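Undergrad: any chance you could fold what I've pasted below:
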Amino acid sequence: VSMGMSPFGLDPANFLVAQSASGERLGFAQIRSVEAPSSTLAGSGAALLASLFVIPAARSRGVGSMLVRGLLSRHRERGLRGPVYALTLQPKEAFFSRLGFTRVEKAGQGEAELPGAL
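TA: Residues are numbered from 1 along each chain as shown. This next block holds a predicted model:
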């Protein structure tokens with residue numbers, strides 16, 4: 001992918017898109033490796049689950065869970081075994097907890113720091 005096509009350096013291979021049987025786009029999500037050299041997680045195999053979005057009409061129908069499970073499966077198929085972090089702007093702890101995630105408090109001094117937003 002050229003930077004001209006993706007000015008933020010996003011790789012389409014890291015995204016999943018959910019569609020209805022009729023082809024309507026219902027949502028999308030991405031998983032990306034932690035590569036920021038300033039992060040203490042760089043090189044650890046850690047990944048970020050981000051940009052999870054489901055259209056309002058498709059919420060509470062399992063679309064978001066399907067996207068997350070699909071990305072986690074893809075992550076494992078690539079042979080990546082590091083931790084996967086979910087970044088969210090809204091409190092979605094119950095949703096992510098059902099998918100096996102646990103809450104991580106903000107890192108203290110000397111602990112791993114998650115990179116900032118895209």
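Undergrad: contacts and neighbour counts: CA atoms only from here.
TA: OK.
Undergrad: I'd like the next helix or strand past the helix or strand containing residue 72.
TA: For residue 72, the element it lies in under DSSP states H and E is helix 63-77. Note on helix 63-77: by DSSP H and E, the next helix or strand toward the C-terminus is strand 84-86.
Undergrad: show me what that following strand is packed up against.
TA: Using 3 or more Cα pairs under 8 Å, 6 or more residues apart in numbering; DSSP states H and E, the elements in contact with strand 84-86 are strand 47-54.
Undergrad: list of residues touching the strand it packs on?
TA: Contacts to strand 47-54, defined as Cα atoms under 8 Å, 6 or more residues apart in numbering, come from residues 26-34, 63-64, 68, 82-88.
Undergrad: contacting residues around residue 16?
TA: Counting by Cα under 8 Å, 6+ apart, residue 16 has contacts 28, 29, 30, 67, 70, 71.
Undergrad: bridge partners for the first one, pull those for me.
TA: Taking DSSP bridges, one finds residue 17, residue 53 as the beta-bridge partners of residue 28.
Undergrad: need the contact list for it.
TA: Neighbours of residue 28 in contact, by Cα under 8 Å, 6+ apart: 15, 16, 17, 18, 51, 52, 53, 54, 67.
Undergrad: separation between the residue most central in space within the chain and residue 21?
TA: Closest residue to the average C-alpha location of the chain: residue 49 at 1.4 Å, with Cα atoms, centre = their mean. Separation of residue 49 from residue 21 (Cα to Cα, to the nearest Å): 25 Å.
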